[in-house]
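Visitor: Fold the following, please.
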Amino acid sequence: MENSPLQRKTGLTGLIFEPVKRRFFLRIAGVSVITSTALLSACNKDDDMSPVADGAVDLGKDDTGILNYAYALEQLEAAFYTQVVKTPYASMPAAELQLLTDIRDHEIAHREFLKAALGAAAIPALEVNFSAITFTDRASVLGAAKTFEDLGVSAYNGAGKFIMNKDYLLLAGKIVSVEARHAAAIRDLLNPKTADFAPDALIDGNGLEKVNDFNTVLTAAQPFIKTIISGMNLPTK
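Guide: The predicted model follows:
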């Protein structure tokens, strides 16, 4: 696994991720051991599952589907930031490299937490498509980062009401709070010393963050993922 974030305690990692210790990871992994059989059983009961297109990866239904939905997004983000750190854009300041490295580590941890929770019910590794991103260009990289972070926050916000297992809901709440910090940090890099960290376009008059449904998020994410993903069996009510 890429540079385990559980070994890092600097920068954003120290500020945001320090409370997530090995014991918490093992707790989530333990949950997956207890529930993976039930999740697999639910996946195998396909009598009420809608068929998907040939070659598409079906996320599944109920909590299994929602966790796979989040897992797909975390795979995308982890792959993106891994590439950003591997091939930094020209003249990237050390502070920006540190921040983006910290975010990479968080996304890898999120990906691994979800993979552990899903166990054998996890979808396979997805093939990404970053052809629209110029990794040597700061504006292109940070613009993509803003898109991914804003999309991720809205995805968790929209999915939370459908999660039935309280342990998974707690996990989702912990992850989305970190994703929101990522979004604010990226926006601050793009527009420092402005109110862009909490723009009106994302936050309504009641101080509540934007929510997107499954279909909206998957449609926005699909161009960056070569593997075709189907969310046809995700909950709707």
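
Visitor: what helix or strand is the residue positioned nearest the centre of the chain on?
Guide: Geometric centre of the chain, nearest residue: residue 74, 3.1 Å, by C-alpha atoms, centre = their mean. Assigned by DSSP states H and E, residue 74 falls within helix 62-86.

Visitor: Can you name every helix or strand that the following helix or strand past that helix contacts?
Guide: Moving toward the C-terminus from helix 62-86, the next helix or strand (DSSP H and E) is helix 94-118. Here helix 94-118 touches helix 11-12, helix 22-44, helix 62-86, helix 166-190, going by 3 or more C-beta pairs under 8 Å, 6 or more residues apart in numbering; DSSP states H and E. For the C-beta atoms, the positions are set from N, CA and C on the backbone; glycine is no exception.

Visitor: And helix 94-118, what's buried?
Guide: Within helix 94-118, the residues scored as buried using 16 or more other C-beta atoms under 10 Å are 96, 99-118.

Visitor: Just want the angle from that helix to helix 166-190.
Guide: 160 degrees (axes from the mean of the first three to the mean of the last three C-alpha atoms, to 10 degrees).

Visitor: and helix 94-118, how far out from the chain's middle?
Guide: 9 Å (C-alpha atoms, centre = their mean, to the nearest Å).

Visitor: mind listing what the residue lying closest to residue 213 once chain neighbours are set aside touches?
Guide: Nearest non-adjacent residue to residue 213, counting by C-beta to C-beta, 6 or more residues apart in numbering: residue 158, 5.3 Å away. With contacts defined as C-beta atoms under 8 Å, 6 or more residues apart in numbering, the neighbours of residue 158 are 211, 212, 213, 214, 216, 217.

Visitor: Phi and psi next, for the third one.
Guide: Residue 213 has phi and psi values of phi -80, psi 170 when expressed as degrees, to the nearest 10.

Visitor: Give me the local confidence score for it.
Guide: In this model, residue 213 is scored at 97, pLDDT.

Visitor: gap between it and residue 229?
Guide: Going from residue 213 to residue 229 by C-beta to C-beta, to the nearest Å gives 15 Å.

Visitor: Please say which of these two ends up with more neighbours.
Guide: residue 229 (19 against 15; other C-beta atoms under 10 Å).

Visitor: Perfect, I'm done here.
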